[in-house]
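J.: Predicted coordinates and the sequence they were generated for:
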Amino acid sequence: MPGAFSSRARIFLLTRRPNKLVFCRGLADAAVERLSVETKTSQLMKFLRNCLAIWVALQLTVVAAWAGAAWGMEGVALPPEGDGKLRIICFGAHPDDCEIQAGGTAMLWAKRGHHVLFVSVTNGDIGHWREAGGPLAQRRRMEVAEAHKILGIQGVVLDIHDGELLPTLENRRLITKLIRQWKADVVIAHRPNDYHPDHRYTGVLVQDAAYMVTVPFFCPDVPAMKKNPAFFYFPDRFQKPNPFKPDVMVSVDAVMEKKLDALGVMESQFYEGGANGSAALIPSDPEKQKARHQQVRDGFSRRNQALADRFRAQLADWYPADKAAAVKHAEGFELCEYGAQPDKTQLKKLFPFFD
Ligand SMILES: [Zn+2]
């Protein structure tokens, strides 16, 4: 403190003059007393400053913990700021939809260091013919976490009952906050016309968030996005009111075996047949079990082959003719009319797989 320093300097100077000793002693005593008061004041100020710093740190810790817990991001490591990598968030209605629809492309992104988060909007707790409720939700959470490990991505399962998702204001807020927290460049979800109500309402909720993510006073507790992400749809075969029409087609041949490995670990859904399965699907003989696993694998392989065949012409928009003709397995995405509207050059930056 400048005051304390000047008092000390005065004591030093005065005690160097013996002919004024008494006077000096008096001044020195006064200065020491003043120094003592100033020291006490300084210590008090320091103590108060420390208290304030501890209080602020505690408040920030509480806010941070609450923020992470409140919006379904538990256990998710948010990507580092400004690392120049893409951030992709996919919303599937159930713990298997994103993996089926975008597992290969997610792996291609992840291999290039981009950040992918798969969100299951419901917990899948009625998705089995024999079991249901909490134990099934936990089983599916573990299965999908194992699949994400294989794909090299992150995932979350929101605790909303399977078969009961509604496009409520509460859920619109939830989806909006997740997209903002992930600071997404790309958002992918179901189309809002689909056989399953949870798929439909996931599509509606993500559409509803497409503009609201940019509106500062909607959910002002999570900062609004300055740049609107590009929103895309997963493919489906529904024709009314309009069929799926891909804007980007991606060859997933390079990662197809790993994608099939990831789908294979979700045994409750595929090996055992999920909600429409039965005991007849699960053989006791080890050889037949192996055959059943292969049957699941072949089924998903055919699914991505069918997509490549159905949109072979669109594959040629993205790959040289000879390569487009040779693509065996593909995934495709349709650009939503809401949100950012990237042109082909920008699409190549968001899906950096074509050079
Ligand atoms: Zn589903």
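T.: Thanks, I have it.
J.: nearest residue to the closest residue to the ion within the stretch 1-150 of the chain other than its sequence neighbours?
T.: Scanning the stretch 1-150 of the chain for the residue nearest the ion gives residue 94, at 3.6 Å (criterion: Cβ to the ion). Bear in mind the C-beta positions are built from the backbone N, C-alpha and C, glycine included. In space, residue 94 comes closest to residue 124 once its chain neighbours are excluded; the distance is 4.9 Å by Cβ to Cβ, 6 or more residues apart in numbering.
J.: so who does residue 126 touch?
T.: Contact analysis of residue 126 by Cβ atoms under 8 Å, 6 or more residues apart in numbering lists 132, 136, 161-163, 275.
J.: now residue 192, nearest residue through space, not along the chain?
T.: Closest to residue 192 by Cβ to Cβ, 6+ apart is residue 203, at 3.6 Å.
J.: Test for you: state the pLDDT assigned to the one you found.
T.: pLDDT recorded at residue 203 is 98.
J.: beta partners of the spatially most central residue of the chain?
T.: Nearest to the geometric centre of the chain sits residue 117, at 3.8 Å (Cα atoms, centre = their mean). Going by DSSP bridges, residue 117 is paired in beta bridges with residue 89, residue 154.
J.: Provide a list of residues in contact with it.
T.: Contacts of residue 117 (Cβ under 8 Å, 6+ apart): 76, 87-90, 153-156, 182.
J.: ok so residue 242 is a helix residue?
T.: No: the assignment for residue 242, made by DSSP: H, G, I helix; E, B strand; the rest coil, is coil rather than a helix.
J.: ok, it to residue 344 distance?
T.: 22 Å (Cβ to Cβ, to the nearest Å).
J.: Surely the residue of the stretch 1-150 of the chain closest to the ion is in contact with residue 197?
T.: No: using Cβ atoms under 8 Å as the test, residue 94 is too far from residue 197 to be in contact (11.6 Å).
J.: Just to be sure, which of the contacts of residue 126 are found in helices?
T.: Counting by DSSP state H, the contacts of residue 126 place residue 136 in helices.
J.: quick one: which of the contacts of residue 126 is most hemmed in?
T.: residue 162 (24 neighbours; other Cβ atoms under 10 Å).
J.: and the gap between that one and residue 188?
T.: In terms of Cβ to Cβ, residue 162 sits 20 Å off from residue 188.
J.: Kindly report the same for residue 284.
T.: Residue 284 is 40 Å from residue 188, by Cβ to Cβ.
J.: what about the two, which has more around it?
T.: Ranked by neighbour count (other Cβ under 10 Å), residue 284 and residue 188 place residue 188 first, with 27 against 6.
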